[in-house]
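>>> Predicted model, plus sequence, below.
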Amino acid sequence: MDIRVLVTGGSGFIGTWVLRELLDRGTDVVVVDNQKSPDRWRRVLGDRCDKVIQVDASLLDCEQLLQAMQQQNITHVIHLAALLTPACQQDPWLGFQVNVVGSTALFEAARRAGRIRSISYASSFAVYGPESGAEGTSPNRPPSFYGAFKQSVDLIAEQYWRHFGIASVAIRPHVVYGPEREIGLTAGPSLACRAAANGQTYAIGYQGSVGYDYVEDVAAAFVKAAMECPDGATVTDLPGEQATTEKFVEAIEAVMPASRGSITISGPAIPANIPPHPNYITSLYPDWHPTSLKDGIRRTIAYYADHRS
């Protein structure tokens, strides 16, 4: 059976790099996304973006998703479509519909299709609270609607495995950075890399220590999980490199010395999102080797230097 992968949210930041990873493998790709052929496709995929098949289907319509899977002979699914933290906080009802109802519709369509081998999907470190999770302390719980919605989908995926044998792997990145990241509070470090490459000033709008995951690593994780999915409903954390916002800026300055002093930091501290009992992707795939923060920043700056307008 030929491999054909359905990617929801394929027009987004991570989705675009997932498409590149799939196309590099020579895989047929079908995208469901309400945004059509963004400019970033041309920048990241080049002429290969013409090979991507786009279908009109709503994430909230199980019948449309089922029809897309059947008509396109889909064998694997990578589910990325979701509203991010600010949108979920502003409109929890809409966030619930897109992130929870939409994800359930996708799993249900996969069940009815009867030929989907596996699903990889985006969970998040947002399911974790700032607590350590140690015995005798407060439980580690999501600090946002977005985190609660992601945790709900993890539980729903487990039910689809228990009752219907739909195998899945949830990938939990922390702060994803890299070329073409533009939306969300934590887009700041990526936009700072772009500013450094273009000789501009920029203020990152948050503080705190978090794990940073380079986008090409994240894309590779979703593809690997979809293609090499074990039985069960597995949830795995990406081992992002822990760094303060100040350390990230120092790394930018080390790569681009001319930017020294041009990148500043302001705004609130964001949640640490500490996993009490992490299940890193290396336990699932022992050969996993993430990109270092310095190399990821170097590659991000190089990308923007090559794509100056």
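Looks like it came in fine. Numbers count the residues shown, from 1 in each chain.
>>> OK, contacts around residue 104?
153, 156 (Cβ atoms under 8 Å, 6 or more residues apart in numbering). All C-beta atoms are positioned from the backbone trio N, CA, C, and that covers glycine.
>>> where's it, which helix or strand?
helix 102-113 (DSSP states H and E).
>>> now do residue 264
strand 263-265.
>>> Do I have it right that residue 216 meets residue 178?
Yes - Residue 216 sits in contact with residue 178 when judged by Cβ atoms under 8 Å, with a separation of 6.6 Å.
>>> and these two? which has more neighbours close in?
residue 178 (25 against 19; other Cβ atoms under 10 Å).
>>> Spatially, what comes nearest to the more buried one if we skip its sequence neighbours?
Leaving out its chain neighbours, the residue that sits closest to residue 178 by Cβ to Cβ, 6 or more residues apart in numbering is residue 215, at 3.2 Å.
>>> Okay, now the unreliable bits of the protein?
1, 131-139, 309 (pLDDT under 70).
>>> Quickly list what's touching both of residue 216 and residue 178.
17, 299.
>>> where along the stretch 201-309 of the chain do the helices fall?
215-227, 245-255, 293-306 (DSSP state H, counting those that start in this stretch).
>>> cool, the stretch 1-150 of the chain as well?
Using DSSP H, counting those that start in this stretch, helices in the stretch 1-150 of the chain cover 13-24, 39-45, 62-71, 85-90, 92-96, 102-113, 145-164.
>>> how far out from the middle of the chain is the strand holding residue 264?
25 Å (Cα atoms, centre = their mean, to the nearest Å).
>>> Note down every partner strand of it and its orientation.
Strand 263-265 has its sheet partners listed here by DSSP bridges as strand 202-204 (parallel).
>>> Can you get me the start-to-end distance on stretch 243-262?
One end of stretch 243-262 to the other measures 19 Å (Cα to Cα, to the nearest Å).
>>> buried stuff in that stretch?
Buried residues in stretch 243-262, counting neighbours by 16 or more other Cβ atoms under 10 Å, are found at 243, 245, 248, 249, 251, 252, 253, 255, 256, 259, 262.
>>> Kindly report the same for stretch 8-24.
Neighbour-count burial for stretch 8-24, counted by 16+ other Cβ under 10 Å, picks out 8-23.
>>> which among those gets closest to residue 71?
residue 8 (15.8 Å; Cβ to Cβ).
>>> Quick check: the closest one touching residue 33?
Yes - using Cβ under 8 Å, residue 8 is in contact with residue 33, at 6.8 Å.
>>> Show me whatever sits in contact with both of the two.
Joint contacts of residue 8 and residue 33 (Cβ under 8 Å, 6+ apart) are 15, 81.
>>> Please write out the alpha-carbon positions of stretch 176-190 in PDB.
What follows is stretch 176-190, C-alpha atoms only, in PDB (Å, rounded to 0.1, in the frame of the first residue of the first chain):
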ATOM      1  CA  VAL A 176       9.200  25.800  19.100                       C
ATOM      2  CA  TYR A 177      11.500  28.300  17.300                       C
ATOM      3  CA  GLY A 178      13.000  28.600  13.900                       C
ATOM      4  CA  PRO A 179      12.500  30.100  10.500                       C
ATOM      5  CA  GLU A 180       8.900  31.300   9.700                       C
ATOM      6  CA  ARG A 181       7.700  31.300  13.300                       C
ATOM      7  CA  GLU A 182       5.600  34.500  13.500                       C
ATOM      8  CA  ILE A 183       2.500  34.000  15.700                       C
ATOM      9  CA  GLY A 184       2.100  33.800  19.400                       C
ATOM     10  CA  LEU A 185       3.900  35.200  22.400                       C
ATOM     11  CA  THR A 186       6.700  32.700  22.200                       C
ATOM     12  CA  ALA A 187       7.400  33.600  18.600                       C
ATOM     13  CA  GLY A 188       9.600  36.300  20.100                       C
ATOM     14  CA  PRO A 189      12.900  34.400  19.900                       C
ATOM     15  CA  SER A 190      12.400  33.500  16.300                       C
END
